[in-house]
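Engineer: coords below, sequence missing:
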């Protein structure tokens, strides 16, 4: 019996040692990636120093051309957009980077599905697992899934969905030379079926809480904040955004709604699909909004 118990103890001890060793290795890969999503994520959380930051989902990532913003405003800019993510991820990123420095302006591209509507919030925290030792990040996990903090004691668990990507980004990195902006070059060559469902889906109180906390913290730090709703093909109404609009208006933060912009939203040549602008559309849209961004900086 004693031998059996000793073997169990030795097994768990070996597991803990291996977990820590793998953790050191994964931490190194994460912080030394030469390109790709790993380097991009680490830069945003731990190294960025740009004057203007763009937050939001894939629509942020593909719709805001950093070079146009930099050339027009004579300020450095980085696109922090992330496919399939919204306020949960970006609040964590925002808190991590503002521990180091204070950007002058944040442009936040709203998407109802990721910033307002109720769904599985835990998946939005996957990118933040490597930074779970930070108090603000563990608070996010506690708010969304209190049991998750116990899993995060394992370094291997923090990286279990990322280590293949990290190895690739260290050995054969994909270079990201456009300061976070990811252009889409194909054009939608078909006429899509447009859904006319304008119902407002169930709002997520946690998302709206962090949206409000994001606004309050930025205002306390003196960061200029601008919310945008970028064009969507043949969009009719932005009523699904009303819960966020009410919070944004309460704090007198500017919001510019281009969802159904007549210059872009009805022109198929600007889109790669119904939700995403292609590079031509992104350049047209970015040039169009420059004057609105500039007006906020001049205030």
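Structural biologist: Received the coordinates, thanks. Remember, predicted model here, so these are calculated numbers, not experimental data.

Engineer: so what does the strand or helix carrying residue 107 touch, helix or strand wise?
Structural biologist: Applying DSSP states H and E as the criterion places residue 107 in strand 105-109. Applying 3 or more CB pairs under 8 Å, 6 or more residues apart in numbering; DSSP states H and E, one finds that strand 105-109 makes contact with strand 52-56, helix 58-63, strand 224-229, helix 279-298. Any C-beta I mention is one placed from the backbone N, CA and C, and that applies to glycine too.

Engineer: could I get these as a markdown table with distance to residue 38, mean pLDDT and mean neighbour count?
Structural biologist: Putting the helices and strands packed on strand 105-109 into a markdown table (distance: least, CB to CB, whole Å; pLDDT from 0 to 100; neighbours: other CB atoms under 10 Å) gives the following:
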| stretch | distance to residue 38 | mean pLDDT | mean neighbour count |
| --- | --- | --- | --- |
| strand 52-56 | 19 | 98 | 27 |
| helix 58-63 | 16 | 97 | 24 |
| strand 224-229 | 28 | 98 | 22 |
| helix 279-298 | 24 | 95 | 17 |
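
Engineer: after the strand holding residue 107 comes which helix or strand?
Structural biologist: helix 112-115.

Engineer: what about that next one, distance to the chain center?
Structural biologist: Relative to its chain's centre, helix 112-115 lies at 11 Å (CA atoms, centre = their mean, to the nearest Å).

Engineer: on that earlier part again, which one of the helices and strands packed on strand 105-109 lies nearest to residue 115?
Structural biologist: Residue 115 sits nearest to strand 52-56 of all the helices and strands packed on strand 105-109, at 8.0 Å, using CB to CB.

Engineer: what angle do strand 224-229 and the closest one make with each other?
Structural biologist: Angle between the axes of strand 52-56 and strand 224-229 is 40 degrees (criterion: axes from the mean of the first three to the mean of the last three CA atoms, to 10 degrees).

Engineer: next, count neighbours for residue 104.
Structural biologist: Close neighbours of residue 104, defined as other CB atoms under 10 Å, add up to 15.

Engineer: which residues touch it?
Structural biologist: 51, 52, 75, 223, 224, 297 (CB atoms under 8 Å, 6 or more residues apart in numbering).
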